[in-house]
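Visitor: No sequence on hand, only this structure:
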């Protein structure tokens, strides 16, 4: 009976630890340089060891040896504009992933719009330069089919007249 109670308490503790998530916040971001400052918080009541962070599919980097309960840390990363997945892992097997959008600068947006305009202009010019393909109808096949139909109709009428 004592084992069952201890096992139940352990399972409830484990579920409680696994159910709590870390918190990742974008504190600041400079799209021109790609410098991002991320805040990571451990809102749980549990200390974790070997906190590591991975951005998208890049290599993991170790942030701290011990990530204490209720503590926040800041990390600086170079990240390109766009949507990226930030994944945190611990030695205890806890994994937390959050997708964060890093906005491009106004200048980068203008450059992208200009590039799209140029691409559309090139597509228009390419379409104008393409020769117009004309298809020639092969009348031999049409005449052959009409001839066969005429012969069949002639044969049907001829048989009815007999």
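Guide: Received the coordinates, thanks. Because the structure is predicted, anything quoted here is derived from the model rather than measured.

Visitor: Please make it C-alpha for all contacts and neighbour counts, starting now.
Guide: Noted.

Visitor: where does the chain dip in pLDDT?
Guide: For the chain, applying pLDDT under 70 flags the ranges 1-20, 129-137, 162.

Visitor: Tell me where it has strands.
Guide: 23-30, 35-41, 48-55, 61-67, 72-78, 82-89, 95-102 (DSSP state E).

Visitor: Out of those strands, which is closest to residue 159?
Guide: Comparison of the strands of the chain against residue 159 by C-alpha to C-alpha identifies strand 82-89 as nearest, at 78.3 Å.

Visitor: Now do stretch 43-53: distance from first to last residue.
Guide: One end of stretch 43-53 sits 17 Å from the other (C-alpha to C-alpha, to the nearest Å).

Visitor: contacting residues for residue 39?
Guide: 23-27, 72-75 (C-alpha atoms under 8 Å, 6 or more residues apart in numbering).

Visitor: at 6 Å instead, please
Guide: By C-alpha atoms under 6 Å, 6 or more residues apart in numbering, the contact set of residue 39 is 24-25, 73-74.

Visitor: Can you name the residues that contact the residue nearest the centre of the chain?
Guide: What sits nearest the mean C-alpha location of the chain, by C-alpha atoms, centre = their mean, is residue 83, with 8.0 Å. Applying C-alpha under 6 Å, 6+ apart to residue 83 gives the contacts 100-101.

Visitor: at 7 Å instead, please
Guide: Taking C-alpha atoms under 7 Å, 6 or more residues apart in numbering as the contact definition, residue 83 lies against 99-102.
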